[in-house]
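*Asks:* need a structure here:
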Amino acid sequence: MAKCSEVVLDSSMLLGIAELKVDVFSEIGALLGRTEFSVTGQVLEEMKMLAGKSGRTGENAGIALRLLEKNRAKVIAVEAGNADESLVEAARQGKIVATNDAELRKKIKSLGGRIIYLRKKKIVKMG
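*Replies:* Numbers count the residues shown, from 1 in each chain. Sure thing, here's the model as predicted:
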């Protein structure tokens, strides 16, 4: 049986679903094969807060939350003060982090973590 990759999604990646009209779940699955998606509790709270706002960002966050549920993303508990710190900790635990945040990508790569990000509306894996 093929190994399952665990990918932790950041709010920037989740918001990109509607903003860029990219099915990140399918794209990541095509890239990695069997994949289990998750979000940290901190990212989920950030997305819920954004979904409560009016305008395009609120709509995009709402779409992302529905897609998290549809794709059976699990919520993982990570000891951290905020969403970015929780993703860095997830990377330290060996999980792949999907984010479009350049600063966060750089930090995770400097720790030897694996990241996935959107480039030209296409998923690119950085080892």
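
*Asks:* Off-centre distance for the lengthiest helix in the chain?
*Replies:* For the chain, the longest helix by residue count, based on DSSP state H, is helix 56-70. Between the centre of helix 56-70 and the centre of its host chain there is 13 Å, according to C-alpha atoms, centre = their mean, to the nearest Å.

*Asks:* how about it: buried residues?
*Replies:* Within helix 56-70, the residues that count as buried by 16 or more other C-beta atoms under 10 Å are Asn60, Ala61, Gly62, Ile63, Ala64, Leu65, Leu67, Leu68. The C-beta positions use only the backbone N, C-alpha and C, and glycine is treated the same way.

*Asks:* which other residues reach it?
*Replies:* With contact meaning C-beta atoms under 8 Å, 6 or more residues apart in numbering, helix 56-70 is reached by 9, 11, 14-15, 17-19, 25, 37, 39, 44, 47-48, 50-53.
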